[in-house]
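# how would this look folded up:
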Amino acid sequence: KLKNVEKKNFNFFNMNEKDLIKGKKILNELGIPENSWYVTLHVREGIGNALFNSNPLTYLKAIKEITKRGGYVFRVGDKSMTKLPKINGLIDYPFTKYKSEFFDIFLAATCKFCIGTSSGFWSVPTFFNKPVVLVNYLPIFDYYSLSEKSFFLPKSLKYKKDNKEVSLADIFSFPHGYLNTDLQFELNEVLYTDNTEDEIRDTVIEILNIFENNNKDGVNEKKN
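Below you'll find the model as predicted:
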């Protein structure tokens, strides 16, 4: 009955002990110290609908901010992606021998948070109650599917006719918030622009600061 809906809680997924041990063994083989924290990063570079794509090299400042604070970054995806430069604390996971469907899920389930773009991977960590930081994101209406502990930074929108920015109220209204193909943007005469390196880094800094402040206040994170 509808009157009981408010009392219902969603039971998030958890990994069983056997799979946790298996995943931790792989972490050890990768040289990740026990009890280290890490972040997953997925940047779409797909074919078709270029609005969903981003340049992974614009995420380097954010990666370095995470590693500077003692974390590791697992870039997830496949071997078709642009290789990232070598950075201490960065694991360009698709190009390792450990790439597997199992470890994809393990990383999603055990990361501190996931940095995602307009692709499917970011939804997996949410099944395990992990926060996500969505940057360079379209369509904007997907914001309403996120939990209160996640962050959202869409691509910038401007009107083609006068190059003026679309207002905050309008980007969260129809049709702007719904636009999800290059053709739809063209028909509505709206242009989109990727977030800058600094915007991406600053968004990541916000969630890192929250985690650090919670730790100082004695707030314990739920662990798998």
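# How far away from the center of its chain is the longest helix belonging to the chain?
In the chain, taking DSSP state H as the definition, the longest helix is helix 197-216. Taking the mean of its C-alpha atoms, helix 197-216 sits 13 Å from the chain's own mean (C-alpha atoms, centre = their mean, to the nearest Å).
# ok, now stretch 104-119?
Distance, stretch centre to chain centre, for stretch 104-119: 7 Å (C-alpha atoms, centre = their mean).
# Just the mean pLDDT for that stretch, thanks.
Averaged across stretch 104-119, pLDDT comes to 97.
# one step back: residues of the longest helix of the chain that come out buried?
By neighbour count on 16 or more other C-beta atoms under 10 Å, the buried set for helix 197-216 is 199-201, 203-204, 207-208, 211. In this view, the C-beta of every residue, glycine as well, is placed from N, C-alpha and C.
# Show me the strands in the chain, by range?
38-41, 72-75, 90-91, 114-116, 132-137, 151-154, 156-159, 190-193 (DSSP state E).
# so what secondary structure elements neighbour the second one?
Using 3 or more C-beta pairs under 8 Å, 6 or more residues apart in numbering; DSSP states H and E as the contact criterion, the elements in contact with strand 72-75 are strand 38-41, helix 60-68, strand 90-91.
# Which strands border the first one, and is each parallel or antiparallel?
Pointing back at strand 38-41 there. Here strand 38-41 has these sheet partners by DSSP bridges: strand 72-75 (parallel), strand 114-116 (parallel).
# So which of the helices and strands packed on strand 72-75 is the most surrounded?
strand 38-41 (a mean of 25; mean count of other C-beta atoms under 10 Å).
# Contacts for that one next, please.
32, 59, 63, 66, 71-76, 107-108, 110-116, 121, 125 (C-beta atoms under 8 Å, 6 or more residues apart in numbering).
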